[in-house]
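Chemist: I would like the atomic coordinates for the input below:
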Amino acid sequence: MTSDTTAAPASATPDTPTPDTTAARENTGARTTEAASLIGGARERIDALDDRIIGLVQERMAISAVIQDARITSGGRRVNLSREMEILARYRDALGKPGTALAMTLLELSRGRV
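Modeler: Purely as a prediction, here's the structure:
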């Protein structure tokens, strides 16, 4: 008499690495397929957010250039230090000390060379 049930091959179990899952684990540093999958999905979301952030920074730089041009054309200085201090405080209040460093980087990028 034969059994109607067949056991799944050992390579099909989640704990047994296959070439695909081994590569995923190595790329993520995860030790399980489930963790590798979670990390992979989260990294895709981070990459999408980074793309949006880069686009927003580029937009900020373009708007800042318009402001600087208007200020210089009207006889003012390229940089408004009191405004920069407001921006630094805003980022520091929202993100702590690293926020100040981030704001400084954004300000540097946005100052441009008018």
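Chemist: Tell me the secondary structure of Arg78, please.
Modeler: Under the three-state scheme (DSSP: H, G, I helix; E, B strand; the rest coil), the conformation of Arg78 reads as coil.
Chemist: In which helix or strand does the nearest residue to it once chain neighbours are set aside reside?
Modeler: Beyond its immediate neighbours in the sequence, the residue positioned closest to Arg78 (CB to CB, 6 or more residues apart in numbering) is Gln68, lying 5.2 Å away. Bear in mind the C-beta positions are built from the backbone N, C-alpha and C, glycine included. Per DSSP states H and E: Gln68 is located in helix 33-73.
Chemist: That helix packs against which elements?
Modeler: Contact here means 3 or more CB pairs under 8 Å, 6 or more residues apart in numbering; DSSP states H and E; on that basis helix 33-73 packs against helix 19-28, helix 97-111.
Chemist: gap between the last one and the chain center?
Modeler: Shown here is helix 97-111, whose average C-alpha point lies 16 Å from the average C-alpha point of the whole chain (CA atoms, centre = their mean, to the nearest Å).
Chemist: buried residues in that helix?
Modeler: Of all the residues in helix 97-111, those buried under the rule 16 or more other CB atoms under 10 Å are 99-100, 103, 106-107, 110.
Chemist: got a pLDDT number for the spatially most central residue of the chain?
Modeler: For the chain, the residue nearest the mean C-alpha position is Asp50 (3.4 Å; CA atoms, centre = their mean). Note on Asp50: pLDDT of 98.
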